[in-house]
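# I would like to see how this sequence folds:
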Amino acid sequence: MMKLMPLPALADNYIWMLHNGTQALVIDPGDAQPVLDSLQRERVQLQAIVVTHHHNDHIAGVDTLRRATGARVLGSSTSTGLVDEQRLELLGVSFTVFAVPGHTLDHLAYYAEIPNDDPILFCGDTLFSGGCGRVFEGTMAQMHSALARFAALPDNTRVCCAHEYTVSNLKFAREAEPDNPDLVAYQRHCEALRAQGLPTLPSTIGLEKKVNPFLRGDLATFTTLRQWKNQYR
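Residues are numbered from 1 along each chain as shown. Model prediction:
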C-alpha cells in the first residue's frame, strides 16, 4: 500500500512524499528539513528525489537530501535528464514523464499508475486546483497544450500541485464563471479545510474539469483568462 503525503514547506509549497512503508520518493523538495523529519517519522529510506522544474522553491533542498540519504535525483536539468514519454520504475510503481513547457521551458510532470489505487499526477507549477501556473519562459500555446494533456487523463487521477493556492484561485474562478454551481460548493469546502489548517490537495482531474476555467476553451480563451489572472488581485 502506497502512502501519499503533502509536506508543507516554505510559505505555501507542498513537497510530495510517496512511500511504501520502506522506501520513499519526494517531489520538488524546496526545503530539506520537512523531508528529513518525515523520513524519520515514517521510518522510511529516501530512494529518489524527483524534480519538476528549476525554480529555487522546488530544488533548494535537493543537495542536502542527496548528501544525507544518497538518493538519486531525477529531472530534466539533472545529470539523469528525463524526456517526454519516458517510463520510470520507482518504488515498484510505473511513472510516465510528461514534458510540459510553459511555466518554464524545462518543466516536467509525472503520471504514476499505482497498483490497486487511483493514479497520481505530480504536476508542479503547471496545474493548480482552480487555476494554472504563470507562463514565465514558454508560450501560452505550450501551457494550453499541457493543460489539455492533463485534462485527458482519467477522472480519478489525483492531482498533486506544488502550492496551496486553491482558495485564492477559486476567488478568480468565481469571477470568471459566476454561475458555476460546482465552484460555489468547492470554494466552501476548501475554505473549511483551510480554516482547520488542512490541505485542499490532492484534487482530481474530474473535479478540476468542473471547477477550473483554465481547463476549458480554446487557446484564445485560455490566453485571455491567463492575462486577466496575471493582473487580478
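# where does the chain have low pLDDT?
For the chain, applying pLDDT under 70 flags the ranges 78-80.
# The residue nearest the centre of it: what's its closest spatial neighbour, skipping adjacent residues?
Closest to where the C-alpha atoms of the chain average out (C-alpha atoms, centre = their mean) is residue 161, at 2.5 Å. Leaving aside its sequence neighbours, residue 161 sits nearest to residue 128 (C-beta to C-beta, 6 or more residues apart in numbering; 4.8 Å). C-beta: built from backbone N, CA, C; applies to glycine.
# Looking at the chain, name the residue that lies furthest from the middle.
Distance to centre of the chain, C-alpha atoms, centre = their mean, peaks at residue 179 (27.3 Å).
# that's a helix at that one, yeah?
No - Residue 179 is assigned coil when assessed by DSSP: H, G, I helix; E, B strand; the rest coil, not a helix.
# Can you pull the phi/psi pair for it?
Recorded main-chain torsions at residue 179 are phi -100, psi 20, according to degrees, to the nearest 10.
# State the distance from the residue nearest to residue 158 when sequence neighbours are not counted to residue 120.
Closest residue in space to residue 158, ignoring its immediate chain neighbours: residue 202 at 4.1 Å, by C-beta to C-beta, 6+ apart. Distance from residue 202 to residue 120, counting by C-beta to C-beta, to the nearest Å: 7 Å.
# And the strands in this protein, which stretches?
With strands called from DSSP state E, the chain shows them at 3-9, 13-19, 23-27, 45-50, 72-74, 87-90, 93-99, 108-113, 120-124, 127-128, 131-132, 158-161, 203-204.
# Looking at those strands, spot the one closest to residue 213.
Proximity to residue 213, assessed across the strands of the chain by C-beta to C-beta, is greatest for strand 131-132 (8.4 Å).
# Output the contacting helices and strands for the closest one.
Applying 3 or more C-beta pairs under 8 Å, 6 or more residues apart in numbering; DSSP states H and E, one finds that strand 131-132 contacts helix 166-176.
# follow-up on the earlier one: surely the residue nearest to the centre of the chain and residue 14 touch.
Yes - with contact defined as C-beta atoms under 8 Å, residue 161 counts as touching residue 14 (7.1 Å).
# shared neighbours, those two?
Counting by C-beta atoms under 8 Å, 6 or more residues apart in numbering, the contacts common to residue 161 and residue 14 are residue 201.
# Could you count how many residues lie near the residue nearest to residue 87 when sequence neighbours are not counted?
Leaving aside its sequence neighbours, residue 87 sits nearest to residue 96 (C-beta to C-beta, 6+ apart; 5.9 Å). As a burial measure, residue 96 scores 16 neighbours (other C-beta atoms under 10 Å).
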